[in-house]
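Participant: Make a model of this:
(one chain, ligands or ions: 1)
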Amino acid sequence: MNKIEHIGIAVKNLNNAIDCYEKILNSTCYKTEEVESESVKTAFFSVGENKIELLEATNENSAIAKFISKKGEGMHHIAFAVDDILMEMNRLKNEGFVLLNENPKQGADNKLVCFVHPKDTNGVLIELCQEIK
Ligand code: ZN
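Facilitator: Residues are numbered from 1 along each chain as shown. Have a look, this model is predicted:
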């Protein structure tokens with residue numbers, strides 16, 4: 001794993017959260033993107049070499065909607081940048097971790113992503129992400 005690529009934060013209202021994080025970070029959101037397959041709208045901020053990803057559900061079946069109804073708004077996942085997502089997925093599977101998707105998925109911000117089940121990771125949802133070249 002190369003670095004923390006981004007931290008994902010589940011929010012109820014993306015526009016309000018963008019206003020809030022623009023103030024906190026004193027920078028502008030550089031990208032918003034809807035990921036239809038995940039039923040989320042996302043907004044990205046750069047913080048040095050890392051990013052903050054805000055996520056709002058677009059329907060109640062979205063994982064983000066379920067997370068917020070259970071736990072409320074807040075930190076949702078940590079994403080680690082990897083060079084070879086298939087290799088890292090295999091490595092973690094062999095270590096006994098449960099992956100939430102069998103194959104890499106197209107994620108936001110031009111990434112291939114895979115999530116690791118939080119039951120094995122001390123309650124933290126971990127995302128692997130590889131830049132699509
Ligand atoms: Zn993410």
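Participant: switch to C-alpha atoms for all contacts and neighbour counts from now on
Facilitator: OK.
Participant: Buried ones in stretch 33-49, by neighbour count?
Facilitator: 34, 35, 38, 39, 40, 41, 42, 43, 44, 45, 46 (16 or more other Cα atoms under 10 Å).
Participant: Show me what stretch 86-99 is in contact with.
Facilitator: Applying Cα atoms under 8 Å, 6 or more residues apart in numbering, the contact partners of stretch 86-99 are 82, 104, 114, 115, 116, 117, 120.
Participant: closest to residue 62 among the buried residues of stretch 33-49?
Facilitator: Each of those was scored against residue 62 by Cα to Cα, and residue 39 proved nearest at 5.2 Å.
Participant: Cross-check the contact I'm expecting between the closest one and residue 62.
Facilitator: Yes. If you go by Cα atoms under 8 Å, residue 39 and residue 62 touch, sitting 5.2 Å apart.
Participant: List the buried residues in the lowest-mean-pLDDT helix or strand in the chain.
Facilitator: Ranked by mean pLDDT, DSSP states H and E, the helix or strand of the chain with the weakest confidence is strand 105-107, at a mean of 91. Buried residues in strand 105-107, defined by neighbour count with 16+ other Cα under 10 Å: 106, 107.
Participant: next one: stretch 97-109
Facilitator: Within stretch 97-109, judged by 16+ other Cα under 10 Å, the buried ones are 97, 98, 99, 104, 106, 107, 108, 109.
Participant: same deal with stretch 117-132?
Facilitator: 117, 118, 125, 126, 127, 128, 129, 130.
Participant: and if you look at stretch 2-10?
Facilitator: In stretch 2-10, counting by 16+ other Cα under 10 Å, buried: 4, 5, 6, 7, 8, 9, 10.
Participant: Let's see which of the residues you listed end up in strands.
Facilitator: For the buried residues of stretch 2-10, the ones inside strands are 4, 5, 6, 7, 8, 9, 10, with DSSP state E as the criterion.
Participant: and the angle from the longest helix anywhere in the chain to strand 3-10?
Facilitator: Ranked by residue count and defined by DSSP state H, the top helix of the chain is helix 14-25. Helix 14-25 and strand 3-10 meet at an angle of 130 degrees, taking axes from the mean of the first three to the mean of the last three Cα atoms, to 10 degrees as the criterion.
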